[in-house]
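Visitor: I need the structure of the sequence given here:
(one chain, ligands or ions: 1)
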Amino acid sequence: MQISNTTYTATPLAGKIALVTGASRGIGQGIAERLGRAGATVVVNYAGSQEDANKVVATIQSFGSNAIALQANMGKVEEIRRLFQETIDRCGQLDILVNNAGIGSMAAIADVTEEEYNRVFDVNVRGVLFAMQEAARRMNQNGRIVTISSSTTLYPDPGVAVYAASKAAIELLTQVLAKEVGNRGITVNTIMPGPTVPGMFANLPPEVQQQAAASSPFNRLGTPQDIANIIAFLVSEEARWLTGQDICANGGARI
Ligand code: NDP
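Guide: Here you go, the predicted model:
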């Protein structure tokens, strides 16, 4: 494996192909736009929001980078495989995968239905596992895989059982994959965001959002840009020594 010295440029990801799942809005949108601003060609995956995905593509193009929108339901293995094949066919290679697509869920264990369990685990675990499999098979040397977990795995409050369990599963997958692909210089990490808006946390009642903001020393909620900036570092050459890690990005809430 060749270890190079870092060179500093405004577009450190120029020449890299990045696939961001669930990138039509929320945190995924922030990540896709941030990687595009850093010079990457970005594949903007979405499930149903084609118009929103096209807007993200247009924003990235306005930075002078390339981007395409590709539809695929990340809960279905055959669609995941098609997404990766289309990425390689259209972009030629894969250097960066950000597993961002995810489904939120709030229910006490006493009330969880089998349908809800399937809905959440299909996307949050099946989707991440088979996206990791495709990346492990197709990714370039020194590639980068980042998966969006959640700080609920550190602070599991009542009602988050199914959601937090799905995120705990992908933290474990991350550690195993880090060991399996490390010999190719590929790093594999998770980010555990705290409450972030815009995003699924905006669906919760205002008093819950205020309480969450007050638990951070910065007295605010996170933004997709806060998360995206950390990911821009994690996928850079400079982060080559960080792998198998779960990085909590919650503005210091609950320290
Ligand atoms: P949003 O609900 O705002 O956005 C979800 C995104 O995922 C959309 O782009 C949506 O695309 C896409 N998506 C949903 N289901 C699928 C699917 N089956 N296949 C492909 N894409 C899909 O969520 P957030 O931005 O808030 O969350 C992004 C990630 O961050 C998730 O993994 C979430 O668990 C995690 N997270 C979020 C936190 C928060 O407070 N917001 C905190 C901690 C973690 P479309 O519109 O096309 O359906």
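
Visitor: isn't Arg126 up against Gly75?
Guide: Yes. The pair Arg126 / Gly75 is scored as a contact, 6.3 Å apart, by Cβ atoms under 8 Å. For glycine as for every other residue, the C-beta is placed from the backbone atoms N, C-alpha and C.

Visitor: measure Asp52 to Ala72 for me?
Guide: According to Cβ to Cβ, to the nearest Å, Asp52 and Ala72 sit 15 Å apart.

Visitor: between these two, who's got more neighbours?
Guide: Ala72 (23 against 17; other Cβ atoms under 10 Å).

Visitor: do a quick rundown of the strands in this structure.
Guide: Counting by DSSP state E, one finds strands in the chain at the ranges 17-20, 41-46, 67-71, 96-99, 144-148, 187-193, 246-249.

Visitor: does the ligand sit close to the second one?
Guide: Yes. Shown here: strand 41-46 in contact with the ligand (Cβ under 6 Å from any ligand atom) through Asn45, Tyr46.

Visitor: residues in the stretch 51-200 of the chain within reach of the ligand, list them.
Guide: So far as Cβ under 6 Å from any ligand atom goes, the stretch 51-200 of the chain lies against the ligand at 73-75, 100-103, 123, 148, 150, 193, 195-196, 199-200.

Visitor: which among the residues you listed end up buried?
Guide: For those, a burial check counting by 16 or more other Cβ atoms under 10 Å picks out 73-75, 100-103, 123, 148, 150, 193, 195-196, 199-200.

Visitor: show me the two of the residues of the stretch 51-200 of the chain next to the ligand that sit farthest apart.
Guide: Put simply, by Cβ to Cβ the two of those set farthest apart are Asn73 and Pro195, 26.1 Å from each other.

Visitor: what sits up against stretch 80-92?
Guide: 17, 19, 41, 43, 45, 68, 70, 72, 74, 94, 127, 130-131, 134-135, 138 (Cβ atoms under 8 Å, 6 or more residues apart in numbering).

Visitor: can I get the strands of the chain in JSON lines with distance to Ile60?
Guide: What follows is the strands of the chain, written out as JSON lines (distance: least, Cβ to Cβ, whole Å):
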{"stretch": "strand 17-20", "distance to Ile60": "10"}
{"stretch": "strand 41-46", "distance to Ile60": "5"}
{"stretch": "strand 67-71", "distance to Ile60": "4"}
{"stretch": "strand 96-99", "distance to Ile60": "14"}
{"stretch": "strand 144-148", "distance to Ile60": "18"}
{"stretch": "strand 187-193", "distance to Ile60": "20"}
{"stretch": "strand 246-249", "distance to Ile60": "22"}
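
Visitor: tell me the confidence at the residue nearest to Ser216 when sequence neighbours are not counted?
Guide: Nearest residue to Ser216 in three dimensions, chain neighbours excluded: Gly251, at 3.7 Å (Cβ to Cβ, 6 or more residues apart in numbering). Looking at Gly251, its pLDDT stands at 98.
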